[in-house]
Structure formats: structure tokens, C-alpha cells
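*Asks:* after the sequence you'll find the predicted model.
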Amino acid sequence: MSKETFKSRSPWWQVVDVLRIYWALLLGNILEWYEYAIFSFLEPYFQSHFFHGSAVSTWLGFSVTFVARPFGGLVLGVVGDIFGRKVSTFLSIFGMMVGTVGQGLLPTYKHGDVAGTIGLVLLVLLRLLQGICTGGEIASVTTYITEVGAKESLCRSMMLVGITCNIGFLLAQSASYGLELLGKENMEDWGWRIPFVIAIIPGTIATLGRRCMPESDEFLEGRARGQAAAQTDESEASESQISDTAKGGTGEACRKMKHLISGLWAKLLVGIGAVVAASVLQYGGLIWCSVLLQKKGTDPPILLAAGITARILSILLVPAVSWLADTQGIAWILFLGSSLLALLGAPLYMVMTTYFNSFEAVVASYGLGYGFIFTFVSMIFFVYVCELFPVEIRNAGVGLSYNIGLCCFGGFAPMIFEAAIEHNTWAPGCLLSLAGLATTASVTVSLLLQRRGKMQLTHIRPEPYFSPCGVPKKVPKKIASSELGIERIIPEVQM
């Protein structure tokens, strides 16, 4: 299909076209979140096999992957900005598959102390590999989608990423509960390995599929502009212009990293702040709370019903929420969702943990409550982060800001929640509300900086961005002018 034909189709048909052409991206995204979630849902088995019964140590092992994510997001992000989005997505899916399948083949302390020590070391190394690759995966996928999707249906295209994320978590949760049918003894012996090993099937399909994907037109146009500027007069080119014909790949990679960290540090902070609510709700509110309820004695059918309700509700609601984001603005949707988490995070947690064996209470608080909020803060917020960075540095910018936020506030959330509950029963709920407040504050401060001409928040679609009443407001549009990140005001445009 030609670019002109694609743009002439209705917004919802444009979303269908993105799904049809870039299915391998989305299948890999399902695999990424499945791999991440399956470890957490099988935490009791890792606790007994590798961590001598320590829950805090097990969640620390879970966090190892997140520590590696910022590094992977930066490195594979720079690879994507230099060699193309297609290359970085291929590398990331292959590494994820190796890291996941490998975890299902490890020796444990059940095989002796020496075998257990080897298994623990390999587990950490494989989770580091998984973290590096997944750090680059989400940045490359979201950047790809924002660049190939039509601007008028940008958030509706991005909802495909949110839906596939939820499908991955839903599959992991269903697999973990379904495997309990094998019996406690079989699960302890070999059953916990199955969800990791079978990942080789979709992983292979996604890897082969990504070899045939076309490159993003926006990336190709950006690279062509950089090459043209370098060939004309490299010495007189603008400092903010990042050329892909620099002296060697290593030199160009270093130049991009320098520009990102020293010149766009404020935008990195804004991107990190946007991730806080989604990360804590995902890994603290939905994953850790599920394990907590399981340990408290909540019946498995109640847990399964609550988990499925939360994921299915998010999938069903996201078309409406993404349409709102395309008409009211992505910043407004993120602001609304994080405010809801700030107000309801703690009360919903209290209901869920007080009436942990009540089907109605758990499904209403965990499934309906957290599922509804999750749709607003996590399903399409990737657009908000992608908007912050120009195309020449977008992949690395999204990879670094998103993964630092996910590492600090998502990866360590289960461990912090586990430690906090030992001191105060309601502490995890308060942390959920605090996470919502942090993202609300981040969005508010960034909008104030934009109004004062200190920051440009949109590089893809200038409007709508934050229009709660449906009427775009006139605000200054800024253009970054140097590696110092100083921005100057040009004539007003509709936002």
C-alpha cells in the first residue's frame, strides 16, 4: 500500500493497516511482557529453588532485569537511531528469546549446592541479557509505531502496543494459574519450567517476521537530511542536527549519547516522571498485589477472575481512551489517569487486602478499580514519551527515559512493597497513591515550562496535546537550538 493511500483511509482502518504490516513487532511485544510477568507470577518457585526461601531476595532477583534496561534502552536505542528501527527490534527479540528459554533450563539448589550456585549465577546473567534486550525492545517498538502510524490516529495506533502488553501479562497470569493443575509436587519439580521453554515458539516466529518489515519513512527521511547536511558542509551544520554519516559508528553513537544526556536532560526527567504511575501500578499494584493475595490465602479462582477482569477491562476500554487521546490530547489523558491513581490507589488497596477472600471485593478493587486506572496511565502513555524527542534521537531518548523510570519505580516496586508491608500494613497502598501524584506533578510542571518557553513537548503532533474541554489552546512552540538544551520561542501554534 502506498503512503498516499494509507493516509487517505479512515483512522480506524489506518490502525488495522499498522497491525497487518507490523504484526511481528506486536507479537514480539506480547512475548516481552509475557517473559517479564511469568517470573513474578512464579515467584514462590524461584524463592524455593534459587533464593533459599527469601521473598525479598527473590524480588531483588526480579529487579536485576530492570537495572539492565536503561543500558539496553540507550545502546539499542542508539543502534536504532543510526542503523534503523528494524535492526534494533531484530536484535532485541532474539536476545529476549535466548534469555527467557535459558531460564527454564537452569539447574537449581534442588540438584545440590554447586549446581544451585551455578544456576543462580546463570539466572542473574540471563535476566541481565533479558533486561538489555527488553530495554531496547519497547523503545524501538513504540518509536516504530509513532513513525509509521498516521498522525491523526497516533494514539489509536499506539493502543496496539498497550493491548499486546496486556495480552502478554494475561497469558503469563493464566499460564501460572493453569499450571497449578499439575499439582504442587509436579510444579515444584518441573512444571515451573514449562512457561519459559515454550516461549521459543512465538519468539522464533517474531524473529523471522521482523526480518521482512519495512523501515520507518520518518527515520529514512531524517537520516537523509542528516547526510545531506553533512555532505554540504559538515563544519557549518547546526549543532542540534545529528548526522548519520559521522566518522564511524562508534563516534556517531557517542555524539548522540552526549547530545541526549547533556542537551536534553530536562526532557529525560519529564519522560521518567511520566513512567512512575504506570510502572508502580503495573508491578506493585497488579503483579505484587496478586502474589500478596495468593500468600494471604485468596482462592485461586478469585485471583484468576480478578486478574482477567483487570486485563480484559483495559483491552476493552483502550479504544475509547485512545480516541479521547487523539481528540483531547495525550497529556490530558495521562494527567487524568495519574490523578485517579493518586486519589484511589490507597483506598482500593485497603479494600482488596481487608476482604481478600471476598470475590466481590477483590474483583471490584483489583479487577475493576486498578484495571480502569491502568487503561489511562499505562496503555498509551508511550506516545507522551515519544513526543518529547526529535526523530534523530527519539529511539535513544525513549529508551533511556522510559527504562530508567521503569527500573527505579517498577523494577524495585515489588521489593519495596514487600519490605514496606513488614512495617505498616497500608504502606503499599500509600505508595501507589504517591506514584500517581508524582506523574501528575511531572505533567503539570512540564506544561508550565512549555508555556514559559523553556521546553518543547511535542515533536510529532503539535495538537491536540492537553485540551480537557476539547478546544486547543494557543501556546508557544519551541525549537531546541543547541546541545545545551536551550530553546527559543517561534510564532504561536494551536496545541
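*Replies:* Here it is on my side, so go on.

*Asks:* looking at the protein, which helix is longest?
*Replies:* helix 113-148 (DSSP state H).

*Asks:* tilt between whichever helix or strand comes after that helix and helix 113-148?
*Replies:* Going down the chain from helix 113-148, the next helix or strand is helix 154-178, by DSSP states H and E. Interaxial angle, helix 154-178 versus helix 113-148 (axes from the mean of the first three to the mean of the last three CA atoms, to 10 degrees): 160 degrees.

*Asks:* in helix 154-178, which residues are buried?
*Replies:* Neighbour counts using 16 or more other CB atoms under 10 Å place 154-173, 175-177 of helix 154-178 among the buried residues. In short, each C-beta sits where N, CA and C put it, glycine included.

*Asks:* where along this protein do the strands fall?
*Replies:* 474-480, 487-494 (DSSP state E).

*Asks:* just for the stretch 201-350 of the chain, where's the confidence low?
*Replies:* Applying pLDDT under 70 to the stretch 201-350 of the chain flags the ranges 213-253.

*Asks:* show me what contacts the residue nearest to the spatial centre of the chain?
*Replies:* With distances taken as CA atoms, centre = their mean, I138 lies nearest the centre of the chain, 5.8 Å away. Counting by CB atoms under 8 Å, 6 or more residues apart in numbering, I138 makes contact with N29, E32, G73, F382, G399, Y402, N403.

*Asks:* next one: it relative to K184, how far apart?
*Replies:* Applying CB to CB, to the nearest Å, the value for I138 to K184 is 35 Å.

*Asks:* again, but for G429
*Replies:* G429 sits 31 Å away from K184 when distances are taken as CB to CB.

*Asks:* ok, these two, which is more surrounded?
*Replies:* G429 (26 against 9; other CB atoms under 10 Å).

*Asks:* give the closest residue to that one in space, chain neighbours not counted.
*Replies:* Y349 (3.0 Å; CB to CB, 6 or more residues apart in numbering).

*Asks:* I'd guessed that neighbour sits against T425; true?
*Replies:* No. If you go by CB atoms under 8 Å, Y349 and T425 don't touch, sitting 9.8 Å apart.

*Asks:* from the neighbour counts alone, determine which of those two ranks first.
*Replies:* More neighbours surround Y349 than the other of Y349 and T425, with 28 against 13 (other CB under 10 Å).

*Asks:* contacts only, for the more buried one.
*Replies:* Residues near Y349 by CB under 8 Å, 6+ apart: G285, C289, S365, W426, P428, G429, L432.

*Asks:* what is the burial count for the fourth one?
*Replies:* Spelled out, it's W426. 14.

*Asks:* the third one now?
*Replies:* For S365, the number of neighbouring residues by other CB under 10 Å comes to 24.

*Asks:* again with the one 4 residues further on
*Replies:* G369 has 23 neighbouring residues, counting by other CB under 10 Å.

*Asks:* relative to V363, how far out is it?
*Replies:* For G369, the distance to V363 equals 9 Å [CB to CB].

*Asks:* R85 contacts T142, correct?
*Replies:* No. Counting by CB under 8 Å, R85 stays clear of T142, with 10.1 Å between them.

*Asks:* chain center to stretch 327-342, what's the gap?
*Replies:* Relative to the chain's own centre, stretch 327-342 is displaced by 17 Å; criterion: CA atoms, centre = their mean, to the nearest Å.
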